[in-house]
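1. After the sequence you'll find the predicted model.
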Amino acid sequence: MSDPNAAPQDEGQVFLFDKPLGWTSFQAVKKLKYLTKSKKIGHAGTLDPLATGLLIICSGKKTKTIEGIQAQPKEYEATIRLGASTPSYDLETEPEEHCAWEHISRSDIERALEQFRGEIMQTPPLFSAIKVEGKRAYDMARAGSDHQLKSRPVTIYAFDLLEQEGPDLKVRIACSKGTYIRSLAHDLGLSLGIRSHLAALRRTKIGDFEVSKALTPEGWQQLLRPETD
């Protein structure tokens, strides 16, 4: 986490932002733009509104480091819920295709996880920001299009089961740039012969940057503009 008093404003700073549930990445950038009065500011890797955790925001000349930060491996803690799929692969849309999951054992899950470690081909969710013929895939999906997205290689450095509570699997994932955790959640269910979706997601690390060193919106408010509380 950068010290806001460590460098002149035009030199820029790197802010570690702990994004709350429901916030968009744009809202987080807007908040810091207001607090710092930065004219040039941007984030290094989007987090969906339903995800929480580490969002790196750069200002001034530090925006030149965004591409390098985005390329670094990322780590997440996620909850994958067995027993139903959703069109968006997460809770943005309603669960469907409900199925039994109780027959799935921990050893079944551990064996399935092995299939996703290393370099794999992954198909992004239809509800994603990828552009298809100039249009965002999520806009096309919400309009009812059944367009297909191309699979692409990603690397999964770790995909570990931390605990299981009923249909909910708590997992830790370390992965390369461009990995969709929602797709991993969806594909894990298919590999088990059932359905599943992403129920919760928290990004904990990007490269050497850790969420434990990040501040919430209230924390940044108190540090940068305490007089406006």
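-> Thanks, I have the structure now.
2. drop to CA atoms for contacts and neighbour counts, all remaining ones
-> Fine.
3. So the residue positioned nearest the centre of the chain, which state does it fall into?
-> Centroid-nearest residue in the chain, with Cα atoms, centre = their mean: residue 47, separated by 4.6 Å. Secondary structure for residue 47, judged by DSSP: H, G, I helix; E, B strand; the rest coil, is coil.
4. Pretty sure it sits against residue 24.
-> Yes: shown here, residue 47 and residue 24 form a contact pair, counting by Cα atoms under 8 Å, at 7.1 Å.
5. residue contacts, residue 101?
-> Taking Cα atoms under 8 Å, 6 or more residues apart in numbering as the criterion, residue 101 is in contact with 82, 83, 167, 194.
6. As CSV, could you dump the C-alpha coordinates of stretch 222-229?
-> C-alpha atoms of stretch 222-229 as CSV (Å, rounded to 0.1, in the frame of the first residue of the first chain):
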residue,chain,number,x,y,z
GLN,A,222,-10.0,8.3,6.7
LEU,A,223,-6.4,8.3,5.4
LEU,A,224,-6.8,10.7,2.5
ARG,A,225,-9.7,13.0,3.3
PRO,A,226,-10.5,12.6,7.1
GLU,A,227,-11.9,16.1,7.2
THR,A,228,-14.8,15.1,4.9
ASP,A,229,-16.0,12.3,7.1
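7. tell me which residues in it are buried?
-> residue 224 (16 or more other Cα atoms under 10 Å).
8. Thought residue 226 was touching residue 35, still the case?
-> No: at 9.9 Å, residue 35 and residue 226 do not qualify as touching, with contact defined as Cα under 8 Å.
9. For this structure, give the strand that spans the most residues.
-> As assigned by DSSP state E, the longest strand anywhere in the chain is strand 152-165.
10. Quick one: mean pLDDT for it?
-> Average pLDDT, strand 152-165: 97.
11. ranges for the strands of this protein?
-> Under DSSP E, the chain gives strands at 14-19, 41-43, 51-59, 74-82, 118-122, 131-132, 135-136, 152-165, 168-175, 196-206, 209-210.
12. how far off strand 74-82 does the longest strand of the chain point, in degrees?
-> 60 degrees (axes from the mean of the first three to the mean of the last three Cα atoms, to 10 degrees).
13. what sits up against strand 152-165?
-> 110, 113-114, 116-123, 169-179.
14. What are the buried residues along that strand?
-> 154, 155, 156, 157, 158, 159, 160, 161.
15. Then stretch 180-198?
-> Neighbour counts over stretch 180-198 (16+ other Cα under 10 Å) mark 180-189, 191-192, 194-198 as buried.
16. what's the span of it from first residue to last?
-> Start-to-end span of stretch 180-198 (Cα to Cα, to the nearest Å) is 11 Å.
17. Now for residue 181: which residues touch it?
-> Per Cα under 8 Å, 6+ apart, neighbours of residue 181: residue 198.
18. and the protein, what are its domains?
-> 9-71+208-228, 74-206 (automatic domain parsing).
19. Would you single out the least confident of these?
-> Least confident of those, judged by mean pLDDT, is domain 74-206 with a mean of 90.
20. Report the distance from that domain to the chain centre.
-> Centre-to-centre, domain 74-206 and its host chain are 11 Å apart (Cα atoms, centre = their mean, to the nearest Å).
21. What of stretch 43-54?
-> 5 Å.
22. Now do the end-to-end distance for stretch 25-45.
-> Stretch 25-45: ends 9 Å apart by Cα to Cα.
23. Identify the residues contacting it?
-> Residues outside stretch 25-45 that contact it (Cα under 8 Å, 6+ apart) are 9, 17, 19, 46-49, 55-60, 63, 66-67, 69-70, 217, 220-221, 224-225.
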